[in-house]
Each structure stands twice: as structure tokens, then as C-alpha cells.
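A.B. asks: sequence isn't available, so here's the structure alone:
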């Protein structure tokens, strides 16, 4: 009897261990959460969920990494980083080593792992955030280098990036909803999220006068930045709505004001600059909003066009409409969706990686002054996957969008940019492969989660 009792006690403990972290929002969630999609792909929900799981497994193998012991419980998403700190192509790397990840990657990864219910991997990214968190404002260093592990660098040496910080805070809110009370850290996921929202994002990332989302915690009012400068990739409406829910009472109005200001900026672009396409430029300047100059802030991309930053705008609008049903997001998406659909006619591989605001492709932009160029002047159809995936997601608001959405899904589920890059960087006489597939594949996966309805809101 005693042996039998010990057996049952052991069995019970093992079952408890297996169920120690049950998911409150287990994947897939598409049929359990209310969403505002008007059109869906023709495939069954079971097929959509299976496609996401398969795409996720490849994404995981290609981009998720952990540091070697004794830091092997710290994870990161490996991928090319733009911005030049330190120069990734230099022969004389400083002690920090080349760039391997960023806060942007970390935020994306936390959201993906929360949706997929991968708690161990999610926590490994939270550890990365905590290792590089600014002491005062809870923001994260925007770039992570090869040797940049806990204890190897002053925490505040590198500034933050708005999109990374806002996705990390949103990801923490998702963690709090997915695994309530199950944080292994000194603070709960919710408390860490509120620290970021109230102690950092409110004070550092949204200008209290202009109400515009700023570029990072280093952003000041001195030219060329000013309180009016913003970036369309930071038009993260879904995040701001979540922050408005969980912010302190006296801070909630600013997040709602920031939402309204984003729509105000987009309205001006619709009436003045994009001729009904719904597109916005990478960077936006001026009290009365206008496109930033070309190569603004020394970016290599055409910052006055719908380019490498702005390509995330339809993704952010689609995620917001999916959860909020806000007619303003729907109207903006309808413009974008109605512009691109007849242009590609279901052949989503025709999307290119830069457009003027009135919708003309600028396929040769990187042939001119930029150091980026295409290998032998050729492109493969995955070169613009970060553009096409968001434009496909825009079709969720079209009543007649099922056909285009279905063809888009068929394209996305087999579109993996990993190992297919044809773009190269010319630097100091050297021609080097530009390994930026991480950005393309990650946005493809996130957009698939939106299209399928599996992205749930943490509010």
C-alpha cells in the first residue's frame, strides 16, 4: 500500500508539473476570439492553423537562438539590424562584436511565442529584455551585439527604439493574459508591462504636446528630430489601445490622443500626398504633416516613399482593425487594399520593395546612390516579402477580397526568404550578402497570424 501511495503521489506531481503553465489562450485561438475580419481565405480554419504552425517551426529553426552557457537561458532572435551601431561590416569590431539582434526582434519574438504558447522561449526573451533594460525608464537598448550579454556593458549606453519597446510592452501584456501569475521573475509580467507603459512609453515615446509617437527615448526637440517627427512603422494603434487600458488613470488620455493623431496624419496624407492609395512615407515631419526628405536621418532607404519602414503600416492597421473594429483603420486599409489588388491581380510575387506615395514602384531605387543593390540586377519573388505580406493582410477589410486573400495565403505559406537573399551590400570595396531574411519571414508570420485570426488582444 505504501509503495502504491508513493506511486500515485509521484504520478500526481508529474501531472502537476506537465500542467504547471497551462495556456489561458492556447493556439489556435481563431475560433474562440471575436475578430472584425470581413474577408477570410477560402481555406478551412484547420488548414490555416496548420500552415501557421509549419511556418512557425521553420521560423524558429532559422532565427531563434540562445546564448552559450552560463547564459543559455537567455534567448534572442537573430537577424540583420539596420542603423549602423557598431558597423556590422567593419574589419575593426569593438569589444561588443557585430550586431545580432535588436529590441525590435525581441518584441516580435515575444508576441509570437505568446501566441504559440511557448513559455520557456518567451521567458528567454524576457531575460534578454531585463539584461538590457534601462534603469530609469524601463526601455530596452535598441541593439544587441554578439558579446552584449548581461554584465558586459553599461545598461544605458545605447538608446531605445520605439517599435521594439512598444512591442515588448505589448508582449508582456500578452504574457500576463496567457500565463497569469506564472512569471518566474521578481515582478509579474503585468507589473513589468505597466512599468514600461507608465514609466517609459508615456514619458519618453509620445510627445505630450504634439501627441506624436517619437523615434526612441533619445528623441529630443532639436533639429532634425523635433516634436513633429514620427515614423509610420510606429503607428502601432493596437499597442496604444492596450496601453490606454492598463495605464494609470492620469496617463490614459495621452495614449488615446496619440491614436487620434495617427489618424490625423494619415488623413492629411490621403488628401495631400497619396492620391487615394492610403500609403504613407517612412518618416513624417512638420506640424502640418508631410513626407520627410529623401535619405532623412542618413537612412539608406528612400524615406520620402512607402519603403522599408512604412511597409509595416498595413500590418499595424490590420492588427488594429482585427481587434478594435475601428472604422478609421478599416477606411485606411480599404484604400491600400483597393490600390494594390488590381495592380498585382492575385500575383503577389509582383509586389516590389518600395513605392512612391501615389503607388508607383521604385524598383530601381537601390541602383542609384544607396550602397544596396541587387545581385546582377535580378530579384527573386521573396525580395519584397515584408511588403507583400502586409498588403495581403490589408485584404481582410474588402468584401470582395476572398479571392485575392486566398491567393495571397497560398503565396505566403510557402514563402520563406531564409537562404534566398539576392541583395548585396557594397561596403569599402567589398560585396557582402545582406542577410535580412529575418525581417521578411517574421513579418510574413505575424501577418499570417492576423489574417487567420489567431492574433488575440491582451486587453
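C.D. replies: Sure thing, it's come through. The structure displayed is predicted, hence computed values, not measured ones.
A.B. asks: which residues in this protein form helices?
C.D. replies: 2-18, 45-63, 103-116, 119-131, 162-178, 189-196, 237-246, 252-272, 313-324, 327-344, 385-393, 402-413, 437-452 (DSSP state H).
A.B. asks: between those helices, which gets the lowest average pLDDT?
C.D. replies: Across those, helix 2-18 has the smallest mean pLDDT, namely a mean of 42.
A.B. asks: now the helices of the chain in a markdown table, please, with extra columns for mean neighbour count.
C.D. replies: C-beta coordinates here come from the backbone N, C-alpha and C atoms, glycine included. Listed next are the helices of the chain as a markdown table, based on neighbours: other C-beta atoms under 10 Å:
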| stretch | mean neighbour count |
| --- | --- |
| helix 2-18 | 9 |
| helix 45-63 | 17 |
| helix 103-116 | 27 |
| helix 119-131 | 22 |
| helix 162-178 | 27 |
| helix 189-196 | 22 |
| helix 237-246 | 23 |
| helix 252-272 | 18 |
| helix 313-324 | 26 |
| helix 327-344 | 20 |
| helix 385-393 | 28 |
| helix 402-413 | 21 |
| helix 437-452 | 25 |
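A.B. asks: nearest to residue 36, out of those?
C.D. replies: Among the helices of the chain, the nearest to residue 36 by C-beta to C-beta is helix 313-324 (5.7 Å).
A.B. asks: which strands or helices does that closest one pack on?
C.D. replies: In terms of contacts (3 or more C-beta pairs under 8 Å, 6 or more residues apart in numbering; DSSP states H and E), helix 313-324 is packed against helix 237-246, helix 327-344, helix 385-393, helix 437-452.
A.B. asks: which other helices and strands does the last one contact?
C.D. replies: Using 3+ C-beta pairs under 8 Å, 6+ apart as the contact test, the elements touching helix 437-452 are helix 45-63, helix 103-116, helix 313-324, helix 385-393, helix 402-413.
A.B. asks: and those helices as a markdown table, adding distance to residue 302?
C.D. replies: As requested, the helices and strands packed on helix 437-452 are exported to a markdown table (distance: least, C-beta to C-beta, whole Å):
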| stretch | distance to residue 302 |
| --- | --- |
| helix 45-63 | 27 |
| helix 103-116 | 20 |
| helix 313-324 | 15 |
| helix 385-393 | 13 |
| helix 402-413 | 25 |
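A.B. asks: looking at the ones you listed, which is nearest to residue 206?
C.D. replies: helix 313-324 (15.6 Å).
A.B. asks: find the nearest non-adjacent residue to the residue nearest the centre of the chain, please.
C.D. replies: Nearest residue to the geometric centre of the chain (C-alpha atoms, centre = their mean): residue 108, 4.9 Å. With sequence-adjacent residues excluded and distances taken as C-beta to C-beta, 6 or more residues apart in numbering, residue 108 is closest to residue 442, at 5.2 Å.
A.B. asks: what's the separation between residue 63 and residue 236?
C.D. replies: Look at residue 63 and residue 236: by C-beta to C-beta, to the nearest Å, they are 21 Å apart.
A.B. asks: so the residue nearest to the centre of the chain makes contact with residue 449?
C.D. replies: No. Under the criterion of C-beta atoms under 8 Å, residue 108 lies out of contact with residue 449, with a separation of 10.9 Å.
A.B. asks: who's in contact with residue 72?
C.D. replies: Shown in contact with residue 72 (C-beta atoms under 8 Å, 6 or more residues apart in numbering): residue 66.
A.B. asks: my bad, residue 312
C.D. replies: 163, 232-233, 386, 390, 443.
A.B. asks: cool, residue 311 as well?
C.D. replies: Contacts of residue 311 (C-beta under 8 Å, 6+ apart): 233, 353, 386-387, 390, 443.
A.B. asks: again with residue 278
C.D. replies: 266, 270, 332-336, 339.
A.B. asks: in TSV, list the contacts of residue 312 along with distance to residue 284.
C.D. replies: As requested, the contacts of residue 312 are exported to TSV (distance: C-beta to C-beta, whole Å):
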residue	distance to residue 284
163	15
232	7
233	11
386	20
390	18
443	21
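A.B. asks: from these, which is closest to residue 407?
C.D. replies: Looking across those and measuring by C-beta to C-beta, the closest to residue 407 is residue 390, at 15.6 Å.
A.B. asks: if I look at the closest one, how far off is residue 439?
C.D. replies: 12 Å.
A.B. asks: out of the contacts of residue 311, what pair is the most spread apart?
C.D. replies: 233 and 353 (14.2 Å).
A.B. asks: can you lay out the helices and strands packed on helix 313-324 as TSV showing distance to residue 196?
C.D. replies: Below are the helices and strands packed on helix 313-324 laid out as TSV (distance: least, C-beta to C-beta, whole Å):
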stretch	distance to residue 196
helix 237-246	9
helix 327-344	24
helix 385-393	25
helix 437-452	20
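A.B. asks: to residue 187, which of these lies closest?
C.D. replies: helix 237-246 (14.3 Å).
A.B. asks: who does that closest one touch, helix- and strand-wise?
C.D. replies: helix 162-178, helix 189-196, helix 252-272, helix 313-324.
A.B. asks: now those helices in JSON lines, with distance to residue 122?
C.D. replies: Shown next, in JSON lines, are these (distance: least, C-beta to C-beta, whole Å):
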{"stretch": "helix 162-178", "distance to residue 122": "6"}
{"stretch": "helix 189-196", "distance to residue 122": "9"}
{"stretch": "helix 252-272", "distance to residue 122": "24"}
{"stretch": "helix 313-324", "distance to residue 122": "19"}
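A.B. asks: roughly how far does residue 99 sit from residue 42?
C.D. replies: For residue 99 relative to residue 42 (C-beta to C-beta), the value is 41 Å.
A.B. asks: and the two? Which one has more around it.
C.D. replies: Higher neighbour count among residue 99 and residue 42: residue 99, with 22 against 13, using other C-beta atoms under 10 Å.
A.B. asks: my guess is the more buried one meets residue 142, correct?
C.D. replies: No. Distance between residue 99 and residue 142: 10.1 Å, which falls outside the contact criterion (C-beta under 8 Å).
A.B. asks: now the terminal residues of stretch 32-45, how far apart.
C.D. replies: Taking C-alpha to C-alpha, to the nearest Å, stretch 32-45 runs 12 Å from one end to the other.
A.B. asks: that stretch: which residues count as buried?
C.D. replies: Using 16 or more other C-beta atoms under 10 Å as the test for burial, stretch 32-45 gives 35-41, 43.
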